[in-house]
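Undergrad: with the sequence up front, the predicted model follows.
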Amino acid sequence: MTAVLSGSSFLNQSVLQLNCDWKADKVISVRRAITLMAKGHAEAVEVDTASNWVTYNFTDWLEVSALKDLYERDQTAFLKTIKQPVAVPWIVRVTNFARFRKSSQHLNRRNVYARDRNQCQYCGKVFRTQDLNLDHVIPKCQGGRSTWENLVCSCFKCNTKKAGRSPAQAGMTLIRRPVVSKKQAVKVNQFQLKTWQHFLDESYWLIELKD
């Protein structure tokens with residue numbers, strides 16, 4: 001891909017790079033971000049107006065760029081190339097899963113919510129992230145531990161109803177058995193998401209869940 005946009009200052013503008021853990025890693029240039037994506041080493045992270053975010057590999061990002069060129073031209077910064085304009089990804093996430101395989105499956109609040117797709121595992125309804133909580137299937141007061149197999153998404157109503165009881169004791173049923181997350185979800189509902197700031201203050205979401 002050969003950029004035909006004149007002026008190196010644009011190519012040197014800042015892009016936030018996240019590591020495989022979704023943690024802010026460092027700030028890189030637009031040039032570097034596009035290069036990483038073109039080589040398959042990173043994916044774009046896009047935030048929409050519904051306070052959701054989704055990731056795109058380079059091929060998918062080219063399709064997104066074409067749509068932005070048609071419908072969001074006045075709201076998007078583009079890198080002009082020989083083939084087509086490429087939207088500038090202001091946040092990218094590296095995808096070297098081989099190197100970070102272990103850390104990509106960290107047991108944290110975000111990954112549990114992602115695995116369960118923001119769906120309460122008791123009533124089956126899908127909620128906004130701010131309307132969910134984590135529930136220990138076997139309560140900690142009964143010896144339950146913070147593990148992939150013992151943590152699920154729960155809405156506040158179901159969480160309050162279950163309280164410090166097991167599902168059987170509370171007369172409730174899990175809609176699916178919780179398992180270890182195999183991979184990151186590409187879309188997670190968030191609240192008060194402000195692009196960079198969201199990833200610069202992640203302690204609530206990314207802290208390791210331990211007993």
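TA: Thanks, I have it. Numbers count the residues shown, from 1 in each chain.

Undergrad: could I get the full set of helices for the protein?
TA: 8-11, 30-38, 58-71, 109-115, 156-162, 167-170, 196-200, 203-206 (DSSP state H).

Undergrad: dump those helices into TSV; add mean pLDDT, distance to Tyr122 and mean neighbour count as well.
TA: Every residue, glycine included, has its C-beta placed from N, CA and C. As requested, the helices of the chain are arranged in TSV below (pLDDT from 0 to 100; distance: least, CB to CB, whole Å; neighbours: other CB atoms under 10 Å):
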stretch	mean pLDDT	distance to Tyr122	mean neighbour count
helix 8-11	62	50	12
helix 30-38	91	40	20
helix 58-71	90	34	15
helix 109-115	84	14	21
helix 156-162	96	4	16
helix 167-170	96	7	13
helix 196-200	65	28	16
helix 203-206	57	22	12
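
Undergrad: right, so of these, which gets closest to Phe127?
TA: Counting by CB to CB, Phe127 lies closest to helix 156-162 out of the helices of the chain; the figure is 8.7 Å.

Undergrad: in CSV, list the helices of the chain along with distance to Leu79.
TA: Below are the helices of the chain laid out as CSV (distance: least, CB to CB, whole Å):
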stretch, distance to Leu79
helix 8-11, 7
helix 30-38, 6
helix 58-71, 9
helix 109-115, 30
helix 156-162, 44
helix 167-170, 52
helix 196-200, 19
helix 203-206, 30
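
Undergrad: out of those helices, nearest to Ile138?
TA: helix 167-170 (8.8 Å).

Undergrad: for that closest one, name the packing helices and strands.
TA: In this structure, helix 167-170 packs against no helix or strand, with contacts taken as 3 or more CB pairs under 8 Å, 6 or more residues apart in numbering; DSSP states H and E.

Undergrad: now that helix - C-alpha only, CSV.
TA: Extracted in CSV, the C-alpha atoms of helix 167-170 (Å, rounded to 0.1, in the frame of the first residue of the first chain):
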residue,chain,number,x,y,z
PRO,A,167,-29.0,-21.7,41.9
ALA,A,168,-30.7,-24.9,43.2
GLN,A,169,-31.2,-23.3,46.7
ALA,A,170,-32.7,-20.2,45.1
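
Undergrad: got the contact list for that helix?
TA: Residues outside helix 167-170 that contact it (CB atoms under 8 Å, 6 or more residues apart in numbering): 122, 137, 161-163, 173-174.

Undergrad: out of those, who's nearest Trp22?
TA: Of the contacts of helix 167-170, the one sitting nearest to Trp22 (CB to CB) turns out to be Val137, at 25.0 Å.

Undergrad: wait, isn't that closest one in contact with Asn150?
TA: Yes: the pair Val137 / Asn150 is scored as a contact, 5.1 Å apart, by CB atoms under 8 Å.

Undergrad: so what sits against both of the two?
TA: Shared contacts of Val137 and Asn150 (CB under 8 Å, 6+ apart): 144, 178.

Undergrad: the more surrounded of these two?
TA: A count of neighbours by other CB atoms under 10 Å puts Val137 above the other of Val137 and Asn150, at 19 against 15.
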